[in-house]
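S.K.: sharing a sequence plus its predicted fold:
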Amino acid sequence: YYQLAYKDTTGMMSEPPSSTNLGAQNLLGVGSSTVNQAMKPKIILLSSGRYRLYYGYHNNTYSQLAYRDTTDTEPPSASNLGPENLLNIGNSTFYSVSGPEVVARPGGYRLYYHGSNAQSGTSFLAYRDTTNLNPPDAANLGDEQGLGLGTSSSDSAEDPRVIQLSDGRYRLYYSWYQGSYWQVVYAETSDTNLPGSTPTCCGWSVITVDSGGDVGAFSSIGLDPSGSFFISYYYSAGAYGSVGYLKYATCDSGGPLCRSTGYWNIFTLDATGGDRGWFTSASITASGIVYIGYYNASTKDLLLGVLQLFMPTVAIDPGANIGRFHSLKLDPNNYPHIGYAVYDPVNRLNNAIRYGYWDGSTWNKVTIDSAPTDNTIDWQPHISLALDSAGKPRLLYAWNRSQLKYASCDTACNNASNWTKTTLTGVSPDPFTLAPYNGNIGAQQDLLSGAENGGPEIVQVPSSGRYRIYYHRYFTNCTGGWVTDVYGVSSCLAWSSP
């Protein structure tokens, strides 16, 4: 196992350490077994005159950052180190952290380190800035920022060290692995700012999470309690309706590092036969247990699976053509609630909106709305479910291709008569500047002919308790002529964006 040690020079005071002037080895008493290892130390001088020793702590499963302060003004030794403090950076084999480097900056400190992903075999450089003037600790570190160094198993970077050059710029030294062996390299800044790009607001970074075939349809994304991303999605192993899998991806690094493919971990959750994984909807508990609702296109059933619990997948509402376009949420008791559709694309007259919930002992199901009676309309409701603070359901779904409907229930929600349904007669063309609900929607503003609304999403605004509706609007002119399918639905041969 690894432990920390030091040696003093024996020559003139001004001589740096060399092979000829180092004394005996002294152990610091930091690192004592395979489950308590210490490595890669970094020491800074505190304003009190004492010292702080940062290092990578390894518990034989993964590494995380830690530190100890001296109890006097002497450099760290076995006799003057205080208790160990964890920085809470590094939490699994998918996100193992070590190699700390601490540099003072205007307004505080910058903590550099390297993170590793055991599954992808990638090590990368990152940093976090303190949120106050104090040296890094568990309470004052901001979000992780990537340096763009270390992107794959043949481009890995570890052990950053930063010095300032005579012209005010900085040089970043680090260990680099190019697929065959490690070597020491460096990069210089182009200005007098510390290494690391300034985060930019509001731009999109598009990365490929999983490129293994026909993959990525019916996705649902969320954040776990630690701020890490997760995505459930569908992989088609053949023609739609024949063979498909439910897949799941996580990025434990969080923030900008998730903008690189190498930091995502890919899992196949359900490949037990048939075409499974349509219309995924994922939700997570405060303890990190993930519930995923999805549709089996072969049996036409709505399924619910639980990740991180040894619980079998269950069919919530068995029956043909039940479960598409569903949305899943968890109530304060961590019981799942699902809004979903009965959807037959051929015989559309029996289509409906349903709601189901688990009360701790059984599933309760109710039909709350019937589909439009016009069989020529290809009705696709794209349901969005929200629960208020008491766990009461609120559903939003598309209606008649160009309208939204809102349904709510406050008591005995397994009884259809207790549901209130409202057709939203208009929507704002700019949903990002308003928080609309069924009482404050103004007149619809169509910018061009052929406008449609779809894919609605509803969230509750914590500050007001009201709900916010997000949706997409597609504005277009038909430039290539219209055609009519067998159901009488008109389509444009060629679309153009305004």
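M.R.: Arrived safely, thanks for sending. These figures come from a predicted structure and were not determined experimentally.

S.K.: helices and strands of this protein: which one has the lowest mean pLDDT?
M.R.: Ranked by mean pLDDT, DSSP states H and E, the weakest helix or strand in the chain is strand 495-496, scoring a mean of 32.

S.K.: so what's residue 223 closest to, chain neighbours aside?
M.R.: residue 229 (6.2 Å; Cβ to Cβ, 6 or more residues apart in numbering). Glycine gets a C-beta too; all of them are placed from N, C-alpha and C.

S.K.: pLDDT score assigned to that neighbour?
M.R.: With respect to pLDDT, residue 229 scores 83.

S.K.: beta partners for it?
M.R.: residue 223, residue 251 (DSSP bridges).

S.K.: and the gap between it and residue 222?
M.R.: According to Cβ to Cβ, to the nearest Å, residue 229 and residue 222 sit 8 Å apart.

S.K.: check residue 398 too.
M.R.: 22 Å.

S.K.: those two: who's more crowded?
M.R.: residue 398 (22 against 14; other Cβ atoms under 10 Å).

S.K.: who's that one bridged to?
M.R.: Applying DSSP bridges, one finds that residue 398 bridges with residue 404.

S.K.: same deal with residue 182?
M.R.: Applying DSSP bridges, one finds that residue 182 bridges with residue 177.

S.K.: how many other residues sit next to it?
M.R.: Other residues close to residue 182 by other Cβ under 10 Å number 13.

S.K.: shaky segments in the stretch 351-498 of the chain?
M.R.: Residue ranges of the stretch 351-498 of the chain with pLDDT under 70: 372-379, 400-403, 424-498.

S.K.: how near is the spatially closest residue to residue 331 that is not a sequence neighbour to residue 350?
M.R.: Take residue 331 and drop its neighbours on the chain: the residue closest to it by Cβ to Cβ, 6+ apart is residue 391, 3.4 Å away. Look at residue 391 and residue 350: by Cβ to Cβ, they are 30 Å apart.

S.K.: and what of residue 288?
M.R.: Residue 288 sits 39 Å away from residue 350, taking Cβ to Cβ as the criterion.

S.K.: number of residues surrounding residue 108?
M.R.: So residue 108, with other Cβ under 10 Å, has 18 neighbours.

S.K.: which residues touch it?
M.R.: Residues in contact with residue 108 (Cβ atoms under 8 Å, 6 or more residues apart in numbering) are 129, 130, 131, 132, 133, 134, 140.

S.K.: what strand or helix carries the residue lying closest to residue 330 once chain neighbours are set aside?
M.R.: In space, and not counting its chain neighbours, residue 330 is closest to residue 283: 4.8 Å by Cβ to Cβ, 6+ apart. Residue 283 is part of strand 276-284, with elements assigned from DSSP states H and E.

S.K.: for residue 249, same thing?
M.R.: Using DSSP H and E, residue 249 maps to strand 244-251.

S.K.: next, the nearest residue to residue 326 once chain neighbours are set aside: phi, psi?
M.R.: Distances taken as Cβ to Cβ, 6+ apart place residue 340 nearest to residue 326, at 3.6 Å, with adjacent residues excluded. When read as degrees, to the nearest 10, the backbone of residue 340 gives phi -150, psi 170.

S.K.: so who does residue 340 touch?
M.R.: Contacts of residue 340 were listed using Cβ under 8 Å, 6+ apart, and they are 293, 302, 317, 322-327, 353-356, 383.

S.K.: tally of neighbours for residue 370?
M.R.: Residues near residue 370, counting by other Cβ under 10 Å: 12.
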